[in-house]
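Visitor: turn this into a model:
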Amino acid sequence: MEQLGSLPLIILFGGLMYLLLIRPQQKRQKEHAAMLRAVKVGDDIVTVGGLHGTVVDTADETIDIQVNDTTVLRFQKSAVSKIVVDADDVDDESSDDAVDAGPQDAVGDVPEAAGEDAPNGEKWPEADAS
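Guide: Here you go, the predicted model:
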């Protein structure tokens, strides 16, 4: 009879594991499968290995990626990590969701030539010609 008292706790623990681990993983798998179905010729993509390229051909299970002017590589579709979206391709509606980067730091501004004023008011040192 004491074992029946722990049964609700075991069921609660199983439900909690489902909500925290299994369900989010299934959602990510469905999103990835939908993304793979949406890949088309001309898309810029990134593979799981970090290779960037442009799709030049697709088949049921494989995808051909052009990485430079002369190199085309064939990958499994499952190796595609994400589709890269250019800023020009983004609609104005989705730009409302973008995070504001905030003001630029003065430290990030680099003068074009030595001798100009640094952010702290001093002069930049001259570069050695060696």
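
Visitor: return the mean pLDDT over stretch 28-43, rounded to an integer.
Guide: Averaged across stretch 28-43, the pLDDT comes to 92.

Visitor: could you list the residues in contact with it?
Guide: Here stretch 28-43 makes contact (CB atoms under 8 Å, 6 or more residues apart in numbering) with 45, 54-58, 63, 77-78, 80, 82-84. C-beta: built from backbone N, CA, C; applies to glycine.

Visitor: change it to 6 Å
Guide: The contact list for stretch 28-43 (CB atoms under 6 Å, 6 or more residues apart in numbering) reads Val55, Lys77, Ile83.

Visitor: go on, stretch 71-86?
Guide: Contact partners of stretch 71-86, identified using CB under 6 Å, 6+ apart, comprise 36, 43-48, 56, 62-66.

Visitor: from the contacts of stretch 28-43, which land in strands?
Guide: Val55, Ile83 (DSSP state E).

Visitor: of all the contacts of stretch 71-86, which comes closest to Phe13?
Guide: Val48 (32.9 Å; CB to CB).

Visitor: quick check on that closest one: phi, psi?
Guide: phi -60, psi -20 (degrees, to the nearest 10).

Visitor: picking that back up, counting neighbours, which of the contacts of stretch 28-43 comes out on top?
Guide: Counting neighbours by other CB atoms under 10 Å, Val55 comes out on top of those with 19 neighbours.

Visitor: wait, is Leu19 part of a strand?
Guide: No - under DSSP: H, G, I helix; E, B strand; the rest coil, Leu19 falls outside any strand and is assigned helix.
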